[in-house]
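# Have a look; sequence and predicted model below, questions after that.
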Amino acid sequence: MRTVYLYHLLYLLLLVVHPSSVSSWKRDEFRNCNQTPFCKRARSRKPGSCALIATDVTIADGDLTAKLISKNPSQEDQEPIKPLILTLSAYQDGILRLKIDEDPTLDPPKKRFEVPDVIVPEFLNKKLWLQRVSKETIYDDSEYSSVMYLSDGYEAVLRHDPFEVFVREKGGKRVLSLNSHGLFDFEQLRVKNEEEDWEERFKGHTDTRPYGPQSISFDVSFYGADFVYGIPEHATSLALNPTRGPEVEDSEPYRLFNLDVFEYIHDSPFGIYGSIPFMISHGKARGTSGFFWLNAAEMQIDVLGSGWNGESSILLPSDQNRIDTLWMSEAGVVDAFFFVGPWPKDIVRQYTSVTGTLALPQLFATAYHQCRWNYRDEEDVENVDSKFDEHDIPYDVLWLDIEHTDGKKYFTWDRVLFPNPEEMQKKLDAKGRHMVTIVDPHLKRDESYYLHKEATEKGYYVKDATGKDFDGWCWPGSSSYPDMLNPEIRSWWAEKFSYKNYVGSTPSLYIWNDMNEPSVFNGPEVTMPRDALHYGGVEHRELHNAYGYYFHMATADGLVRRGDGKDRPFVLSRAFFPGSQRYGAVWTGDNSADWDHLRVSVPMILTLGLTGISFSGADVGGFFGNPEPELLVRWYQLGAYYPFFRGHAHHDTKRREPWLFGERNTELMREAIHIRYMLLPYFYTLFREANMSGIPVVRPLWMEFPADEATFSNDEAFMVGNSLLVQGVYTEGAKHASVYLPGGQSWYDLRTGTVCKGGATHKVEVSESVPSFQRAGTIIPRKDRFRRSSTQMANDPYTLVIALNTSQAAEGELYVDDGKSFEFEKGAYIHRRFVFSDGKLTSSSMSQSFHGKSQFSSDCIVERIILLGLSPGAKSALIEPANREVEIGLGPLHLRGGRSPPVLTIRKPNVRITDDWTIKTL
């Protein structure tokens with residue numbers, strides 16, 4: 001334990017003595033590219049250095065297969081270069097999969113690691129079985145190339161000599177290509193020569209590297225691209241900046257290596273807690289395309305700036321904008337996916353067809369969460385809970401950090417501070433509230449701790465390079481880590497969440513997985529050594545970025561089992577990998593209470609959404625430091641629109657519950673939280689859309705306006721669904737903000753109903769709120785009555801806000817289910833489509849027909865219909881089939897707050913959300 005405290009004491013001492021040097025001190029704790037041999041080697045290669053050609057092209061099992069051999073003879077002092085095996089597969093929706101690996105028939109020293117349990121089984125059933133391949137001469141090549149069908153509009157090309165793979169529009173322009181610049185390199189596993197030293201050293205740590213160099217690198221080009229996005233997680237802009245080229249000064253690639261970065265800095269390419277090797281390009285000329293490399297080893301990715309290849313003689317099409325990138329990984333195989341788009345929503349749908357869509361969360365999880373390291377004891381919990389009620393602020397979840405345990409032993413309680421955990425949870429549950437406790441992967445090495453004893457006896461821990469249980473330092477002190485690659489160990493872990501095993505847990509308790517990168521305080525770069533060993537002899541270097549993913553998976557499975565498969569889990573994870581969206585939420589980690597971190601939270605969350613992880617957020621207020629009241633208010637006002645909305649703080653910070661900053665600031669934070677609760681029906685409908693299609697809850701502007709170049713690099717504003725535009729306020733003392741409203745239609749101020757012109761920048765007054773607008777042509781469902789929690793709002797009536805466009809038309813959706821079970825998968829839900837056209841509002845069902853399956857019913861009604869932009873003259877409305885006439889008059893835009901402006905309102909139509917009906921204005 002002492003080592004842990006010394007680690008943090010050193011940091012605090014540096015803060016006091018050298019406050020400006022803390023960032024550089026942290027930077028020195030982590031390797032840069034020049035200190036990472038595989039990255040340094042890959043970056044040193046010149047265009048055209050790849051000497052591989054494709055031979056023996058054939059069709060086998062519906063795939064195109066080939067051998068990659070070197071056309072240059074091996075030098076006498078070099079080991080012969082063995083052929084590599086290439087496979088190209090086509091899948092529905094224009095997805096191309098490329099695999100390149102060593103030839104298993106040539107007895108490599110070990111099998112290279114392929115990441116399991118990420119690709120969803122349904123995707124593999126969508127393979128198109130190739131029947132034939134056509135031949136074509138590309139440019140002036142001496143060898144012909146092989147052309148294969150991909151979809152009606154696209155085809156894939158394997159160029160034989162020089163080796164290249166690209167996707168193009170049928171007979172036309174390129175979309176994506178690999179190895180167009182001849183930078184492909186595949187370091188094959190081999191037997192070590194006696195004089196070779198394969199060890200690598202960093203900061204006093206030695207990596208034995210028993211299998212030697214095994215890295216892979218290649219260039220990928222995106223055509224018709226103005227910008228590229230994706231590859232989280234980095235605290236940087238949405239549009240990725242060039243990392244190499246004549247005009248790039250600080251030349252460091254984007255790193256993908258899951259790390260516990262203590263108080264990360266913004267605007268940095270350094271990797272932090274999660275890794276998703278999926279990049280998206282977008283441009284006005286062609287639209288959108290994407291590239292995904294399924295690989296869990298450390299990766300470094302260069303975005304190559306204009307002129308990076310000035311000395312290259314390689315010719316590529318010059319009639320298309322192109323962005324070149326260089327992908328470098330320490331280990332693994334090539335298992336890459338090309339996505340053709342052509343539009344932003346197509347790309348995320350294609351990517352999530354491979355890795356899975358978002359798990360639909362329980363309704364309570366989409367509301368507000370209150371967290372701190374740590375709420376001290378049961379009395380503190382009860383006091384915080386009652387204060388929310390006293391100040392009329394709703395919340396749904398109260399969180400407990402590591403101090404609630406008995407000596408940092410997970411699945412236990414400190415019985416002095418929390419003597420009656422079940423009773424504590426039941427008191428919250430009585431108000432419709434929930435609790436979350438933290439469960440991290442490091443298990444305290446204490447013989448009296450039943451979980452450690454059992455894991456040791458069963459041999460369930462990750463091993464060190466010598467085969468002994470790995471022993472590292474984390475919060476409990478000496479700790480070991482379950483080997484989550486092993487499905488048997490994941491199943492064992494899942495059983496620990498049963499009510500019998502997790503003593504003191506109740507059905508209203510859910511879980512938080514932190515430190516699962518994994519964090520090891522005394523390890524190299526604060527993580528596990530790369531030569532540690534996992535199930536099947538896999539080295540940690542090969543699966544590092546997926547360790548937290550498997551831990552997240554096992555924990556979510558545990559909560560499903562706990563509820564006999566009836567209860568949707570909620571698990572928040574800090575580490576993530578492709579597929580994490582299937583198991584719960586993530587957050588952006590240990591941010592800081594400053595304006596820059598508020599600002600960078602938006603591109604970080606947008607990037608996560610683009611890469612499949614819709615359920616994400618940033619710690620409201622900043623984890624480290626003490627926010628000034630203005631910053632905290634601005635963070636609540638913006639955070640109310642994050643998909644995952646949680647306030648959280650470090651234990652060394654001052655208490656910052658929303659009622660501690662004076663009456664006016666409390667009022668502003670209360671109003672921000674109320675806005676979230678008012679919009680919960682809209683948010684939940686969007687979560688269902690993400691669950692069905694992969695399209696993120698929160699989106700970049702260009703996802704909705706793909707032809708508007710002014711949106712391509714805008715990451716100060718974002719869309720919530722297709723209907724709301726929100727922009728944060730990122731500067732202290734701001735009274736006004738400039739907001740660009742895209743498109744040709746109008747926008748309506750969410751707070752005042754004021755109409756603003758689209759396709760223009762507006763100066764907006766921001767003294768009381770952040771700018772937020774509803775798009776003309778949309779209908780948003782709301783709930784305007786405020787309760788203590790979302791659970792207590794279940795039977796409340798709805799308000800529909802109809803924002804009419806120039807055609808006096810609008811449409812929207814509402815999705816409702818029981819908010820907690822899996823019955824929606826059997827058809828137990830309500831999904832309505834609302835269309836306003838020709839003066840008439842129509843409600844129709846979007847539900848799929850599930851004969852003989854579960855049903856969901858609701859007695860909820862629509863209580864108010866607000867009409868923004870309706871041409872004057874309507875005085876009443878006729879409801880059919882009830883043949884009932886109701887009044888249209890002026891009513892408040894918002895039911896709370898005395899300053900709400902009057903807007904045209906259909907009062908008390910009282911139509912049921914389950915029914916088909918029409919309401920015609922008269």
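Alright, I've got the coordinates.
# dump the residue contacts of Thr243.
With contacts defined as CB atoms under 8 Å, 6 or more residues apart in numbering, Thr243 is in contact with 251-254, 269, 301-305. (Each C-beta comes from the backbone N, C-alpha and C, glycine too.)
# most neighbours, which of those residues?
Taking other CB atoms under 10 Å as the neighbour criterion, Asp302 ranks highest of the contacts of Thr243 with 27 neighbours.
# confidence score at it?
At Asp302, the model reports a pLDDT of 98.
# ditto for Gly172
We have a pLDDT of 89 for Gly172.
# and Asp401, backbone torsions?
Main-chain torsions, Asp401, degrees, to the nearest 10: phi -90, psi -160.
# Would you confirm that it contacts Val439?
No. Counting by CB atoms under 8 Å, Asp401 stays clear of Val439, with 11.2 Å between them.
# Show me the contacts of Thr243 that map onto strands.
Secondary structure from DSSP state E places 254, 301-304 of those in strands.
# how about those in TSV, adding distance to Lys345?
Below are these laid out as TSV (distance: CB to CB, whole Å):
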residue	distance to Lys345
Tyr254	25
Ile301	24
Asp302	28
Val303	24
Leu304	27
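# neighbours of Tyr144, just the number please.
Residues near Tyr144, counting by other CB under 10 Å, number 15.
# residues touching it, list them.
Contacts of Tyr144 (CB under 8 Å, 6+ apart): 135-137, 160.
# Now that Leu485 has come up, it's in contact with Phe551, right?
No. Using CB under 8 Å, Leu485 is not in contact with Phe551; the gap is 10.2 Å.
# which residues sit in contact with Cys33?
Residues near Cys33 by CB under 8 Å, 6+ apart: 39-40, 43, 252-253, 300.
# same thing but 6 Å
Counting by CB atoms under 6 Å, 6 or more residues apart in numbering, Cys33 makes contact with 39, 253.
# Please apply the same query to Ser772.
Going by CB under 6 Å, 6+ apart, Ser772 touches 726, 750.
# Need phi/psi at it.
As for Ser772, its main-chain torsions (degrees, to the nearest 10) stand at phi -150, psi 140.
# Kindly report the same for Pro441.
Dihedral pair for Pro441: phi -80, psi -20, per degrees, to the nearest 10.
# Point out the other helices and strands that the lengthiest strand in the chain packs with.
Ranked by number of residues, the top strand in the chain under DSSP E is strand 902-912. Judged by 3 or more CB pairs under 6 Å, 6 or more residues apart in numbering; DSSP states H and E, strand 902-912 is in contact with strand 861-868, strand 884-892.
# okay, those, which one's buried deepest?
Per-stretch averages of neighbours, counted by mean count of other CB atoms under 10 Å, single out strand 861-868 among these, with a mean of 22.
# For that one, C-alpha coordinates in CSV please.
Provided in CSV are the C-alpha atoms of strand 861-868 (Å, rounded to 0.1, in the frame of the first residue of the first chain):
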residue,chain,number,x,y,z
ILE,A,861,-51.0,10.0,-23.0
VAL,A,862,-49.9,13.1,-25.0
GLU,A,863,-50.8,16.0,-22.8
ARG,A,864,-49.5,18.9,-24.9
ILE,A,865,-48.5,19.5,-28.5
ILE,A,866,-46.4,22.5,-29.1
LEU,A,867,-46.4,24.0,-32.7
LEU,A,868,-43.4,26.0,-33.6
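# Next, the residues that contact that strand from outside, please.
With CB under 6 Å, 6+ apart, strand 861-868 has contacts from 748, 753, 797-803, 903-906, 909-912.
# Pull out the buried members of those residues.
Buried by 16 or more other CB atoms under 10 Å: 748, 753, 797-803, 903-906, 909, 911, out of these.
# Show me how this structure divides into domains.
Structural domains of the chain, as assigned by automatic domain parsing, span the residue ranges 35-342, 363-702, 797-922.
# Need the distance between the two termini of the first one.
Domain 35-342 has an end-to-end distance of 39 Å (CA to CA, to the nearest Å).
# Kindly report the same for the longest one.
From its first residue to its last, domain 363-702 covers 28 Å (CA to CA).
# Check the last one too.
End-to-end distance of domain 797-922: 24 Å, with CA to CA as the criterion.
# Equivalent analysis for stretch 502-518, please.
End-to-end distance (CA to CA), stretch 502-518: 23 Å.
# for stretch 504-517, same thing?
27 Å.
# quick one: average confidence on the one helix or strand Met553 maps to?
Here Met553, judged by DSSP states H and E, is contained in helix 547-562. Mean pLDDT, computed over helix 547-562, is 98.
# Check which element follows it along the chain.
Counting by DSSP H and E, the element after helix 547-562 in chain order, helix or strand, is strand 571-573.
# partner strands of that next one, parallel or antiparallel?
Looking at strand 571-573 with DSSP bridges, its partner strands are strand 509-513 (parallel), strand 585-587 (parallel).
# Where does pLDDT dip in the chain?
Scanning the chain for pLDDT under 70 picks out the ranges 1-26, 74-78, 849-854, 897-898.
# mind checking the SS state of Thr456?
Secondary structure state of Thr456, per DSSP: H, G, I helix; E, B strand; the rest coil, is helix.
# Could you measure from it over to Asn513?
The gap separating Thr456 from Asn513 is 22 Å, by CB to CB, to the nearest Å.
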